[in-house]
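**Q** sharing a sequence plus its predicted fold:
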Amino acid sequence: MVKRKGTVWKHWTIITEVENNEENSNVKKKTHPSVCCNYCSKTFEQGTSKRMQTHLNSCSKAPDNAKILPKQPPKILETTSTTTSTSIPIAKKQKKNLTNTTIENFIDRMGEEEQDTLEVLLAQALFAAGVPFSFLENDYVIQFFQRLRPAFKLPNRRKLADELLNDVFDEVKAECDEQILQANSLTMVSDGWSDINKQSVQNFVICTPKPLFFDAIYSGEESHTAEWIADKIIQQMEIIGVNKFSAVITDTASVMKAAWKIIEKNHSNIVCLGCNSHIMNLLIGDILKIDQIKFIMENAKKLVNYFKAHVQAAAKLKRIQKENYNKEIALVLPALTRWGTHLACFQSLQKSKTALEQTLMDEKIRKDMDSTLRIYILSDNFWENLNIITKIMEPIVSALKSFESDTSILSTVYSFYKKIMNQINQIDCDFSDKLQDLITKRWKYTYNPIMMVAYMLDPQFLEESKSNGIESTGYKEFTNFINKKFNQEESVKLFAELVSFRNKNSPYDNEIIWKSSDILNSSLWWQSWPNSKLQELAIKILLIPTSSAAAERNFSTFGFIHNKIRNRLKNDRVKKLVYIYGNLRMYNGLLKICSKQKKHISISNFSENEEDNDNSFNNSSNNSSDSDNDSIFGIESNIINLDEEDEDK
């Protein structure tokens, strides 16, 4: 017999007692009795005091003496002391009248359709904010919604995690499918990661050019070999139609490069590229290993660490900063793998140079600070070297930030490398040759001819490319690229069109369209011209992003959703939550709420209608005329067929 605790038990009837299964240890033991509410038909297979009291609080038939409302915050005691004439008077807040004054205010009705709509909107808000399912069981949340709209029945966590999650997922998926269908060209971005439970995950993000999370695969016991990675990437592209894709972007690990060869061998229309933001990070890492720069970096870190470790010195520095600059300037300590923070460290010291020098006038700080650091602060040579390193780092970090954005396109890669090299050539220092060698090495490591083709086709870089004198190289790289993708007749026509485009000859002689190139993005600008092979090629290439940063951000979303507190979430449910959270931000407006009966036209599998070797760049005479039109690519049912399991988290 279980010992009953608390008064809640008198409002319930025990149906069956706790079972004793000592004879069969394999049978799951029942630790709580089955109970039934005395006021309604609600039953619990295992009744606990907390669960029973929660039900009574929301039971419409239960009397008031059976309910326990959440504790109210303590009231501030009002004092009316008159013992002294200096007593501080306490302002009394006028109590808001929360009582209803008319009969209409006592009546709140809600139809089934309104209830369903509000449930979906609430679920959408919670999923978009990454709020746990248990939020709806919080007593204060329940009390708030009861006061806000009494007729609205707050869904429980199980409904939120199952039915409502599926409803919102279907809505978001329908919007994403529509964006994929309307895209002129797609890029597949993929990366690997380990989740909170140390499960290996491979994600797939599609750029339209907006990045949309498409799917994720938990590999389990499978090793991430080149064959496995290539097979999974191809499978994801086949769901939509391989001809819809122009490129695949991953990191530059050796296993990924081996997977590129397999993909390009099976699908000649696909160009595989490395992540340019990753290459920029590697370049910064290389530069920071140069002895002269490494020496300055270490002393800059020591200087920042001193003020972070000494509170009084930091306070004095802040006061002097306010006196000199009318604001405080935080000294930045560089992070180990966040290479862009090294530039922020140098710049923060440069901005605080005068304040740092004046801080040394304090005798106590001069005694506490290491003599070497004092010498550096007062040394013109230290600040000159810091200025040189900053000039070296600025164009590189600028390129890094650009490549990590969702709007950066492939044509900018060559332009940024050219600017970096020009900046280095203007700097006079002992290690200039070393810097040039490092930049050239990384450029060769990341270079693909399609980067030069994109640069030649981008109207924003037309004058720049002519002034740099790279036209002859650009024409050569263009012809090498198209010879691999098109037959000889088409290659000749494309080259002739390119020459006409770059010289603004007919049909590329409309001055108004050329002036709009500074306003419109490059792929949209190309749609202003008459239909042609060059136009089709340009639109596809100028939609290719520069990096796989979208996949990295997607894994940050995975980490936010599937965290230590919510580590019991099932994999399928995690993917749905990440899909909603990440892709919902891509909308210009709020999600359109559809009735549960409405069926969306989702992406249907078109892979069986594809030719094995169709080429999105190459439309030879052997192909039908329809192959030039992107509208033939049916795009299909995405993603993941998620069958939800019962789960409390």
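**A** Now that the structure is in, tell me what you want to look at. Numbering: from 1, shown residues only.
**Q** where does the prediction get shaky in the stretch 51-200 of the chain?
**A** Within the stretch 51-200 of the chain, the set of residues satisfying pLDDT under 70 comprises 69-106.
**Q** mind doing that once more with 80?
**A** Applying pLDDT under 80 to the stretch 51-200 of the chain flags the ranges 68-107.
**Q** was I right to think residue 575 contacts residue 217?
**A** No: with contact defined as CB atoms under 8 Å, residue 575 does not count as touching residue 217 (9.5 Å). (Glycine included, C-beta is placed from N, CA and C.)
**Q** please identify which of the two sits among more neighbours.
**A** Shown here are residue 575 and residue 217; by other CB atoms under 10 Å, residue 575 has more neighbours (25 against 20).
**Q** which SSE is the more buried one in?
**A** helix 571-584 (DSSP states H and E).
**Q** contact partners for the spatially most central residue of the chain?
**A** Central residue of the chain (CA atoms, centre = their mean): residue 553, 3.3 Å from the mean position. By CB atoms under 8 Å, 6 or more residues apart in numbering, residue 553 lies in contact with 211, 582.
**Q** hang on, it in a helix?
**A** Yes: counting by DSSP: H, G, I helix; E, B strand; the rest coil, residue 553 is part of a helix.
**Q** does residue 220 sit in a helix, a strand or a coil?
**A** What three-state DSSP gives for residue 220 is coil.
**Q** in the stretch 201-350 of the chain, which spans are helices?
**A** Here the stretch 201-350 of the chain has its helices, by DSSP state H, counting those that start in this stretch, at 226-240, 254-266, 276-287, 291-309, 311-325, 340-351.
**Q** so who does residue 259 touch?
**A** With CB under 8 Å, 6+ apart, residue 259 has these contacts: 226-227, 229-230, 233, 250, 272.
**Q** all strands of this structure, in order?
**A** 12-16, 34-37, 43-44, 186-194, 200-207, 211-218, 245-250, 271-274 (DSSP state E).
**Q** how about these in JSON lines, adding distance to residue 329?
**A** JSON lines is the format used below for these (distance: least, CB to CB, whole Å):
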{"stretch": "strand 12-16", "distance to residue 329": "65"}
{"stretch": "strand 34-37", "distance to residue 329": "64"}
{"stretch": "strand 43-44", "distance to residue 329": "61"}
{"stretch": "strand 186-194", "distance to residue 329": "36"}
{"stretch": "strand 200-207", "distance to residue 329": "37"}
{"stretch": "strand 211-218", "distance to residue 329": "35"}
{"stretch": "strand 245-250", "distance to residue 329": "37"}
{"stretch": "strand 271-274", "distance to residue 329": "37"}
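**Q** deepest in the core, which of the ones you listed is it.
**A** When these are scored by mean count of other CB atoms under 10 Å, the highest mean neighbour count falls to strand 245-250 (a mean of 26).
**Q** which elements pack onto it?
**A** Contacts defined by 3 or more CB pairs under 8 Å, 6 or more residues apart in numbering; DSSP states H and E place strand 245-250 against strand 186-194, helix 226-240, helix 254-266, strand 271-274.
**Q** okay if I get those as CSV plus distance to residue 416?
**A** Putting those into CSV (distance: least, CB to CB, whole Å) gives the following:
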stretch, distance to residue 416
strand 186-194, 19
helix 226-240, 27
helix 254-266, 22
strand 271-274, 15
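**Q** which of the ones you listed sits closest to residue 512?
**A** For the helices and strands packed on strand 245-250, the distance to residue 512 is smallest for strand 186-194, at 30.6 Å, taking CB to CB.
**Q** for that closest one, name the packing helices and strands.
**A** Identification of packing neighbours for strand 186-194 by 3+ CB pairs under 8 Å, 6+ apart yields strand 200-207, helix 226-240, strand 245-250, helix 549-561.
**Q** among these, which is nearest residue 394?
**A** helix 549-561 (20.1 Å).
**Q** orientation of the closest one relative to strand 211-218 in degrees?
**A** For helix 549-561 against strand 211-218, the angle by axes from the mean of the first three to the mean of the last three CA atoms, to 10 degrees is 60 degrees.
**Q** now helix 549-561, how far from the centre of its chain.
**A** Chain-centre distance of helix 549-561: 5 Å, with CA atoms, centre = their mean, to the nearest Å.
**Q** export that helix to PDB, keeping only CA atoms.
**A** Coordinates of each C-alpha in helix 549-561 appear next as PDB, following Å, rounded to 0.1, in the frame of the first residue of the first chain:
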ATOM      1  CA  ALA A 549      29.200  29.300 -44.400                       C
ATOM      2  CA  ALA A 550      25.500  28.600 -44.600                       C
ATOM      3  CA  ALA A 551      26.100  24.900 -43.600                       C
ATOM      4  CA  GLU A 552      28.200  26.100 -40.600                       C
ATOM      5  CA  ARG A 553      25.400  28.400 -39.500                       C
ATOM      6  CA  ASN A 554      23.000  25.600 -39.900                       C
ATOM      7  CA  PHE A 555      25.000  23.500 -37.400                       C
ATOM      8  CA  SER A 556      24.900  26.500 -35.000                       C
ATOM      9  CA  THR A 557      21.100  26.200 -35.300                       C
ATOM     10  CA  PHE A 558      21.300  22.400 -34.600                       C
ATOM     11  CA  GLY A 559      23.400  23.200 -31.400                       C
ATOM     12  CA  PHE A 560      20.900  25.900 -30.300                       C
ATOM     13  CA  ILE A 561      17.900  23.500 -30.700                       C
END
